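Chemist: A predicted structure for the sequence below; I have some questions about it.
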Amino acid sequence: MADCSAWCWATTDSLQPLKLTLERSGNDVLLYGENQGRSVIEFKRVLVCLTYGWGASISYLRPSNFGFENLEQGTWTLLYRFTNTTATSGYAQGEYLEVTGRSVGECTSL
């Protein structure tokens, strides 16, 4: 039987508008953000926990670290690069607002 907590986490995580991914690239760890939702995402902060052989560290990243504050629907981008790190694993969690209640015009064709 599959691990229920892992299954529940994966299932509910796939429903979240903001998907964060950590990937290793050589000696760097790259943090990507993807907006899977229908609304614009306005970042407040992203917490990244990286574990090492000696312990762990937590980074609190703000929009000023990314160089932008919003992520449009259906887009993904590199949010941050941790350079020259020996991290063995990591976890990222985003705190954000969804910009809802926008007016959207109707698209017509000729």
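Modeler: Arrived safely, thanks for sending. Numbering: from 1, shown residues only.

Chemist: identify the bridge partners of residue 71.
Modeler: Beta-bridge pairing of residue 71 under DSSP bridges involves residue 41.

Chemist: what count of nearby residues applies to it?
Modeler: Residue 71 is flanked by 23 other residues according to other C-beta atoms under 10 Å. Glycine gets a C-beta too; all of them are placed from N, C-alpha and C.

Chemist: my guess is residue 70 contacts residue 35. True?
Modeler: No: with contact defined as C-beta atoms under 8 Å, residue 70 does not count as touching residue 35 (9.1 Å).

Chemist: what do the two both touch?
Modeler: Residues touching both residue 70 and residue 35 by C-beta atoms under 8 Å, 6 or more residues apart in numbering: residue 41.

Chemist: neighbour count for those two, which is higher?
Modeler: Taking other C-beta under 10 Å, residue 70 and residue 35 do not tie; residue 35 has more neighbours (21 against 15).

Chemist: show me what that one is bridged to.
Modeler: residue 18.

Chemist: wait, it sits on residue 41?
Modeler: Yes: at 5.1 Å, residue 35 counts as touching residue 41 under the criterion of C-beta under 8 Å.

Chemist: intersection of neighbour lists for those two?
Modeler: Contact with both residue 35 and residue 41 is made by residues 17, 18, 71, according to C-beta under 8 Å, 6+ apart.

Chemist: just those residues now: which is nearest residue 54?
Modeler: Lowest distance from residue 54 to the shared contacts of residue 35 and residue 41 (C-beta to C-beta) belongs to residue 18, with 30.4 Å.

Chemist: for my notes, confirm residue 78 occurs in a strand.
Modeler: Yes: using DSSP: H, G, I helix; E, B strand; the rest coil, the assignment for residue 78 is a strand.

Chemist: what's the neighbour count on it?
Modeler: Residue 78 has 11 neighbours, counted by other C-beta under 10 Å.

Chemist: that one against residue 31, yeah?
Modeler: Yes: with contacts counted by C-beta under 8 Å, residue 78 reaches residue 31, the gap being 7.4 Å.

Chemist: good, wrapping up.
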